[in-house]
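[1] take a look and give me a structure for this.
(one chain, ligands or ions: 1)
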Amino acid sequence: MAELVGPRVYSCCHCRNHVCLHDDIISKAFQGRNGRAFLFSHAMNISMGPKEDRQLMTGLHTVADIYCRDCREVLGWKYERAFEESQKYKEGKFIFEKAKISDAIHLGTLGRKLASFFADESFRNPLLDQAIPLNLEVLRIQTEV
Ligand SMILES: [Zn+2]
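    Just a heads-up that it's a prediction; the model follows:
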């Protein structure tokens with residue numbers, strides 16, 4: 001069943017812009033400005049503020065705030081440089097504050113693929129004449145066929 005669904009994505013809490021992938025989580029045990037935060041290896045659809053040195057609980061780091069590219073909400077920060085050897089693994093990684101991102105949802109990649117497949121004239125079927133927005137519906141249709 002794993003192939004039936006797309007990657008799990010987290011979205012900006014404000015505008016639903018997709019900003020990071022569940023598979024890219026390195027740690028969920030981080031502390032942000034507003035509570036819990038997650039460390040990610042990658043981010044997408046964000047823009048970055050200026051680099052600055054910040055004294056964090058785990059020592060001095062050079063960080064840059066990250067913003068949602070669509071609505072400019074501050075979502076967390078990127079670790080540009082860690083000064084202490086034990087913290088070097090964080091360099092180039094991204095912190096997203098849990099309060100600033102929505103719960104991860106699956107992207108329905110197969111749903112879209114199937115919708116375009118059934119949109120082909122040779123597979124015309126009135127029951128399938130509409131776009132298929134949800135994976136659940138894809139599963140239902142497959143069991144009925
Ligand atoms: Zn946003």
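
[2] who in the chain is up against the ion?
    12, 14-15, 17, 68, 70-71, 73 (C-beta under 5 Å from the ion). Where C-beta positions appear, they are placed from N, C-alpha and C, glycine not excepted.

[3] quick one: pLDDT of residue 122?
    Taken from the predicted model, the pLDDT recorded for residue 122 is 41.

[4] which of the residues of the chain next to the ion tops the neighbour count?
    Of all these, the most densely surrounded is residue 12 (24 neighbours; neighbours counted as other C-beta atoms under 10 Å).

[5] I figured that residue hits residue 68, correct?
    Yes. Using C-beta atoms under 8 Å, residue 12 is in contact with residue 68, at 4.2 Å.

[6] list the residues that contact both of those two?
    19, 75 (C-beta atoms under 8 Å, 6 or more residues apart in numbering).

[7] below-threshold pLDDT in this protein: ranges please.
    Regions of the chain meeting the criterion pLDDT under 70 cover residues 1-5, 108-145.

[8] what about the helices in it?
    Listed in chain order, the helices found in the chain under DSSP state H are 109-119, 135-144.
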